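Q: Just a sequence and a predicted model for now, questions to come.
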Amino acid sequence: GGPDGPRRAGAGRPAGRARSRHRSASPQDAEKVPLIDCYKAPCADGCPIHQDIPAYVELAGRGQYFEALSVICEKNPLPFITGTICAHRCTKGCTRNFYEENIRIREVKLLSAGRGYERYMSVLSPRSTRPERIAVVGGGPGGMAAAFMLARGGARVTLFEKRAALGGIVRYAIPRFRISEASIEKDAAMLQKLGVEIRLNSEVLSPAALLGDGFTHVVLAVGAWVSGELKLEKGCAVDALNFLQAFNRGEVQTGASVAIVGGGNTAIDAARAALRVRGVNKVSMIYRRTKREMPCDEHELAFATEEGVRLLELLAPVAHENGVLTCRRMALGEPDASGRRAPVPTDELVTVAADTVIAAIGEKPDCALLSAAGACVADRGPSAVRQGEKLFLVGDARRGPATVVEAIADAAEVASLILGGEEAEPLPLNAAL
C-alpha cells in the first residue's frame with residue numbers, strides 16, 4: 001500500500017457498505033466530491049468468491065482487524081497467500097477508479113491478516129461433528145482451501161501432500177521475492193487448528209483406493225505440473241517450473257543472457273527470477289504474438305519490464321546453439337480457438353543472445369493420474385467439480401493453470417456439495433463480532 005499504507009474506508013459506517021472521499025478528477029479543482037456508498041459493490045461482483053470486500057475494508061478502516069479477518073475467512077481461508085499474490089481483479093471494478101485510484105483491497109486483506117491473526121487463531125478449534133471422512137489429495141492452495149472449509153463444516157479431513165511442506169506451486173515455483181514461506185505457513189497453521197490431519201511426504205498413487213480405506217469422499221487437488229514441451233530443431237530448453245524450483249533452492253546457473261519463451265504468468269516469474277541470478281545481465285521474453293495478446297496479468301508484465309526484462313514480440317524459437325537463439329518472425333492472422341489472432345510464420349529469421357533458454361509455454365494437469373482415479377478430464381476448458389458421487393476436482397487439476405482465488409471458489413463448491421450447503425452458514429466464531 002505504499003509508505004502511507006492502504007487507503008482506508010470511512011469510519012462509523014455499517015458493515016457491508018463502504019464509503020470513501022474522492023479527490024476531483026481534475027488536478028486544478030481542489031474541491032472534494034461527496035462521500036460515496038457502494039450500495040452494490042462492483043469489487044465483490046468481480047471476485048470469484050464474492051468476498052464481502054466493503055465490510056472488511058470498513059472494519060480495517062476502524063482498526064478492527066480481527067473482525068475484518070473473520071469476514072475475510074468466511075469465504076477465503078488463505079488470507080496471507082491471497083493478501084500477497086492474488087491477481088486482485090476486484091480492483092478493476094472499484095468505484096474510486098472513476099475519481100482517482102482504486103482502494104488497495106489486497107493490501108487491506110494482508111494488513112487485516114497480519115494484525116488479526118493471533119486472535120483469530122485463538123478462536124479456531126476442531127469441529128468434527130459430522131460422519132464424513134474426507135481425503136484431500138494435494139496440499140496446494142486448492143487442497144488447503146478445501147481442507148479448511150470441509151473441516152470447518154464439521155467433517156473429518158486428511159490432507160495428503162507428496163512433498164515435505166504444504167503450499168504447492170505457490171511454495172515451490174513462485175519466487176520467494178514474491179511471497180515468503182512464512183506467509184504460506186500462517187495459512188497452513190489454520191488447518192492444524194481446525195483439526196485437519198496433514199500427511200506430508202505422502203504420495204497417493206491410487207486416489208480411488210482411498211475410498212476402500214474408509215474415506216467417504218476424495219477431493220483431488222493435484223495441480224497442473226505437466227509442462228508444455230518446446231520443440232527446437234537444435235538444442236533444448238529448460239522447463240520453467242524446474243527452473244523456478246531450482247531458483248527457490250538457490251541452485252541456478254544460467255550464464256549472462258537468458259531467454260524466456262512464453263507470455264503467461266509463469267514466464268513472467270521465470271524472467272524476473274532470472275534477473276536475480278548472479279552473473280545475468282540480459283533477460284529477454286520471447287512471445288509469438290504481441291503484448292496485447294499476452295495471457296499474463298498486466299501488472300506482472302509491468303513489474304518485469306520496469307526491472308529490465310526485454311519483451312520481444314512476434315518471435316517463435318527455432319534453434320538454440322552456441323549462446324544464440326534463432327527465432328522466426330511471425331505475423332498475426334485470423335483469430336484461433338482461443339479468440340486471439342493466430343501467429344503466422346514469415347521467412348524472416350532473428351537471432352537473440354541466450355546462454356540459457358527457459359520454456360514457459362503452458363502447464364496442464366496430469367491427465368493420466370486423473371483418468372486413473374476415475375475423473376473425466378475436459379479436452380478444453382474446466383472439467384466438472386463433481387466427478388461422481390464421491391470424487392471431486394478443485395483448482396488447477398480442474399481448470400488447468402488458474403488463480404489461487406479460483407481454486408478457493410472450487411473448494412467452496414466442493415464443501416457445499418459434500419456438506420449439503422451448511423458450509424455457507426455463518427460460523428459460531430462470528431458471534432464474537
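A: Noted; the coordinates are in hand.
Q: When you work out contacts or count neighbours from here on, use the C-alpha atoms and nothing else.
A: Fine.
Q: what helix or strand does residue 375 sit in?
A: Counting by DSSP states H and E, no helix or strand carries residue 375.
Q: show me the contacts for it.
A: Taking Cα atoms under 8 Å, 6 or more residues apart in numbering, we find residue 375 in contact with 387, 391.
Q: again, only using 7 Å
A: The neighbours of residue 375, taking Cα atoms under 7 Å, 6 or more residues apart in numbering as the test, are residue 387.
Q: Model confidence score at it, please.
A: Residue 375 carries a pLDDT value of 85.
Q: for residue 317, helix, strand, or coil?
A: Judged by DSSP: H, G, I helix; E, B strand; the rest coil, the three-state class of residue 317 is strand.
Q: contacting residues around the longest helix along the chain?
A: Secondary structure of the chain read by DSSP state H shows that its longest helix is helix 105-123. Defining contact as Cα under 7 Å, 6+ apart, one finds that helix 105-123 is touched by 1, 6, 57, 60, 65-66, 68-69, 79-80, 83-84, 88, 91, 190, 429.
Q: Out of the residues you listed, flag the one nearest to residue 377.
A: residue 88 (28.1 Å; Cα to Cα).
Q: Excluding sequence neighbours, find me the nearest residue to the closest one.
A: Take residue 88 and drop its neighbours on the chain: the residue closest to it by Cα to Cα, 6 or more residues apart in numbering is residue 106, 6.4 Å away.
Q: measure that neighbour to residue 57 for me?
A: Distance of residue 106 to residue 57, computed by Cα to Cα, to the nearest Å: 10 Å.
Q: between these two, which one's more packed in?
A: Neighbour tally, residue 106 and residue 57, criterion other Cα atoms under 10 Å: the higher count belongs to residue 57, 35 against 25.
Q: Counting neighbours, what do you get for the spatially closest residue to residue 419 that is not a sequence neighbour?
A: Distance criterion Cα to Cα, 6+ apart; nearest residue to residue 419, sequence neighbours excluded, is residue 153 at 7.1 Å. Counted with other Cα under 10 Å, residues neighbouring residue 153 total 25.
Q: sorry, back to before: highest neighbour count among the contacts of helix 105-123?
A: Within these, residue 57 tops the neighbour count with 35 neighbours, counted by other Cα under 10 Å.
Q: Determine the angle, from 0 to 180 degrees, between the helix or strand harbouring it and helix 105-123.
A: Using DSSP H and E, the element containing residue 57 is helix 53-61. Relative orientation of helix 53-61 and helix 105-123, computed by axes from the mean of the first three to the mean of the last three Cα atoms, to 10 degrees: 70 degrees.
Q: looking just at contacts, which helices and strands does helix 53-61 meet?
A: Packing partners of helix 53-61 (3 or more Cα pairs under 7 Å, 6 or more residues apart in numbering; DSSP states H and E): helix 65-75.
Q: any residues touching the helix it packs on, and which ones?
A: Residues contacting helix 65-75 (Cα under 7 Å, 6+ apart): 49, 51, 56, 59-60, 79, 112-113, 115-117, 119-120, 430, 433.
Q: What subset of these is buried?
A: Taking 16 or more other Cα atoms under 10 Å as the criterion, what is buried in those is 49, 51, 56, 59-60, 79, 112-113, 115-117, 120.
Q: Can you pick out the most distant pair from those residues?
A: It's 49 and 115 that sit farthest apart of the buried ones among the contacts of helix 65-75, by Cα to Cα, at 22.8 Å.
Q: ok, back up a step: avg pLDDT for the longest helix of the chain?
A: For helix 105-123, mean pLDDT is 96.
Q: With stretch 157-175 instead?
A: Averaging pLDDT along stretch 157-175 gives 97.
Q: Name the residues of that stretch that are buried.
A: Neighbour-count burial for stretch 157-175, counted by 16+ other Cα under 10 Å, picks out 157-163, 165-175.
Q: Please narrow those to those residing in helices.
A: Per DSSP H, the buried residues of stretch 157-175 map to helices at 168-172.
Q: closest to residue 220 among the residues you listed?
A: Using Cα to Cα, those come closest to residue 220 at residue 168, 13.1 Å.
Q: Spatially nearest residue to the closest one (excluding sequence neighbours)?
A: Closest to residue 168 by Cα to Cα, 6+ apart is residue 140, at 3.7 Å.
Q: go on, residue 312?
A: Spatial nearest neighbour of residue 312, chain neighbours left out: residue 286 (5.1 Å); criterion: Cα to Cα, 6+ apart.
Q: correct me, but the one you found touches residue 309?
A: No - with contact defined as Cα atoms under 7 Å, residue 286 does not count as touching residue 309 (10.6 Å).
Q: is it true that residue 195 lies in a helix?
A: No - membership of residue 195 in a helix is not supported by three-state DSSP, which gives coil.
Q: how many neighbours does it have?
A: A total of 22 residues lie near residue 195 under the criterion other Cα under 10 Å.
Q: Quick check: closest non-adjacent residue to it.
A: That would be residue 126: by Cα to Cα, 6+ apart, it lies 4.7 Å from residue 195.
Q: List the residues that contact residue 271.
A: Contacts for residue 271 were tallied using Cα under 7 Å, 6+ apart; they are 260, 283, 309.
Q: For it, grab phi and psi.
A: Backbone geometry at residue 271, expressed as degrees, to the nearest 10, gives phi -70, psi -50.
Q: before we move on, what about residue 339?
A: When read as degrees, to the nearest 10, the backbone of residue 339 gives phi 90, psi -10.
Q: can you map out the helices along the stretch 1-150 of the chain?
A: Secondary structure of the stretch 1-150 of the chain by DSSP state H, counting those that start in this stretch: the helices cover 42-45, 53-61, 65-75, 79-85, 105-123, 141-152.
Q: could I get those helices as a markdown table with distance to residue 302?
A: Output for the helices of the stretch 1-150 of the chain, formatted as a markdown table (distance: least, Cα to Cα, whole Å):
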| stretch | distance to residue 302 |
| --- | --- |
| helix 42-45 | 22 |
| helix 53-61 | 26 |
| helix 65-75 | 28 |
| helix 79-85 | 15 |
| helix 105-123 | 18 |
| helix 141-152 | 25 |
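Q: and residue 339, which of these is closest to it?
A: Closest of those to residue 339 is helix 42-45, at 24.3 Å (criterion: Cα to Cα).
Q: Could you tell me the average pLDDT over that closest one, please?
A: Mean pLDDT, helix 42-45: 79.
Q: Flag every buried residue along it.
A: Neighbour-count burial for helix 42-45, counted by 16+ other Cα under 10 Å, picks out 42-44.
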